[in-house]
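*Asks:* structure of the sequence below:
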Amino acid sequence: MADYIVRATAAGAQIRAFACTTRELVEQARQAHNTSPVVTAALGRLLSAGAMMGTMLKGEEDLLTLQMKGDGPMQGLMVTADARGNVKGYAYTPDVIIPANSLGKLDVAGALGKGTLRVIRDMGLKEPYVGQTLLQTSEIAEDLTYYFATSEQVPSSVGLGVLMERDNTVRQAGGFLVQLMPFVEDGVIDRLERNLCGISSVTAMLDAGNTPEQMLDMLLAGLDCEILESRPTSFVCNCDRPRIEKVLISLGKKEIRDMIEEGQEIEVNCQFCGKHYRFQVDELKALYQKSK
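*Replies:* Numbering: from 1, shown residues only. Here you go, the predicted model:
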């Protein structure tokens, strides 16, 4: 199943909902960063959330950034998404290996630790919108649920999951996001809560062969779910050589001169996708002439 996101409404627009399957993009991220299983699970959850939240952006050039920082060995995660379904991200420490949690599952909370969640929306204004909350469980889905309720005052339910194969590749990944509108009726809330209590985990639903549409049918059963849109989502990084050159130029003449004096090529790595860019001494001299 190719990766994609569906957007839906229910109960006469009293509910808006999103669901996605993201196995391919999470596997691509795993390969790009050579992440350990627990880091793959954590990064995959946040990538799935970012992909869905990115579709909420109004402008084609708007950007969403999700940043989680913790005191655990993984230290943190960074994910960026746009309105077109493109998403990218990385873990601060990608090779963390820790024991399973008390349920015998990958201990994402233990790897991330206690800390903060920041949500940054760059909508082309003078200053981006920034919301921040403390991590509640460090399991990511619950932390985003708490963020929506406290920072944006939107009652929400977030479900995220990544299931790994024995060879540490990604078997399933995806998620859902359900939000209540301000005019929601009590009866609608009651039915949604019953539905949420009756579903299995995201990965269990996906591994049983359910599509994002079918996941929403279960989540919104009895609430007249209407699928509004389906769009692909992918792990996409917009780094290229000209962008890296601009970064080097911005360092200033002193920094570039120090690189030149070492007399060796340098290698710059993109944090988001792991791609390598090499610059010879002659190329650094050309950048030195453009710097201030």
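
*Asks:* can I get stretch 261-273 as CSV, trimmed to CA atoms?
*Replies:* Only the C-alpha atoms of stretch 261-273 are listed here, as CSV (Å, rounded to 0.1, in the frame of the first residue of the first chain):
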residue,chain,number,x,y,z
GLU,A,261,44.0,26.8,5.2
GLU,A,262,43.5,23.2,6.3
GLY,A,263,44.1,22.3,2.6
GLN,A,264,41.6,19.5,2.5
GLU,A,265,38.1,19.0,1.1
ILE,A,266,35.2,19.3,3.6
GLU,A,267,32.0,17.2,3.8
VAL,A,268,28.7,18.7,4.8
ASN,A,269,25.9,16.3,5.8
CYS,A,270,22.2,17.2,5.7
GLN,A,271,20.6,16.3,9.1
PHE,A,272,17.2,15.6,7.6
CYS,A,273,18.1,13.1,4.9
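
*Asks:* mind listing what's buried along it?
*Replies:* With burial defined by 16 or more other Cβ atoms under 10 Å, the residues of stretch 261-273 counted as buried are 266, 270, 272, 273. C-betas here are computed from N, CA, C, even on glycine.

*Asks:* among those residues, which one sits closest to residue 246?
*Replies:* Taking Cβ to Cβ as the measure, residue 246 sits nearest to residue 270 out of those, at 13.2 Å.

*Asks:* quick check: neighbours of the longest strand along the chain in the sheet, parallel or antiparallel?
*Replies:* Across the chain, the longest stretch assigned as strand under DSSP state E is strand 170-180. According to DSSP bridges, strand 170-180 forms sheet pairs with strand 15-21 (antiparallel), strand 156-164 (antiparallel).

*Asks:* go ahead and name everything in contact with the first one.
*Replies:* Which is strand 15-21. Contacts of strand 15-21 with the rest of the structure, by Cβ atoms under 8 Å, 6 or more residues apart in numbering, involve 1, 3-10, 48, 51-52, 55, 172-181, 184, 188, 192, 206, 211-213, 215-216, 219-220, 223, 225, 233.

*Asks:* only whichever of those residues are buried, select them in ChimeraX.
*Replies:* Entered in ChimeraX, the line below selects the buried ones among the contacts of strand 15-21, by 16+ other Cβ under 10 Å:
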select :3,4,5,6,7,8,9,10,48,51,52,55,172,173,174,175,176,177,178,179,180,184,188,192,206,211,212,215,216,219,220,223,225,233
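
*Asks:* out of the contacts of strand 15-21, which are inside strands?
*Replies:* Taking DSSP E as the definition of strands, the contacts of strand 15-21 contribute 4-10, 172-180.

*Asks:* pLDDT of the longest strand of the chain, averaged?
*Replies:* Averaged across strand 170-180, pLDDT comes to 97.

*Asks:* just the C-alpha atoms of it, please, in CSV.
*Replies:* Extracted in CSV, the C-alpha atoms of strand 170-180 (Å, rounded to 0.1, in the frame of the first residue of the first chain):
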residue,chain,number,x,y,z
VAL,A,170,9.4,-1.2,9.0
ARG,A,171,6.4,-3.5,8.7
GLN,A,172,3.6,-1.0,9.3
ALA,A,173,3.4,2.7,10.2
GLY,A,174,0.6,5.3,10.3
GLY,A,175,-1.8,7.1,12.5
PHE,A,176,-5.0,9.0,13.0
LEU,A,177,-6.0,12.5,14.3
VAL,A,178,-9.6,13.2,15.3
GLN,A,179,-10.6,16.7,16.4
LEU,A,180,-13.9,18.1,17.8
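
*Asks:* and it, how far out from the chain middle?
*Replies:* Computed by Cα atoms, centre = their mean, to the nearest Å, the chain-centroid distance of strand 170-180 equals 11 Å.

*Asks:* that one to strand 4-10, inter-axis angle?
*Replies:* Relative orientation of strand 170-180 versus strand 4-10 (axes from the mean of the first three to the mean of the last three Cα atoms, to 10 degrees): 30 degrees.

*Asks:* can you map out the helices along the stretch 151-292 of the chain?
*Replies:* Secondary structure of the stretch 151-292 of the chain (DSSP state H, counting those that start in this stretch): helices at 186-198, 202-207, 212-219, 241-250, 253-262, 281-290.

*Asks:* residue farthest from the centroid of this structure?
*Replies:* Distance from the C-alpha centroid of the chain, by Cα atoms, centre = their mean, peaks at residue 261 (40.1 Å).

*Asks:* for the spatially most central residue of the chain, what are its contacts?
*Replies:* Geometric centre of the chain, nearest residue: residue 47, 2.3 Å, by Cα atoms, centre = their mean. For residue 47, the contacting residues are 22, 25, 26, 29, 79, 87, 89, 173, 235, by Cβ under 8 Å, 6+ apart.
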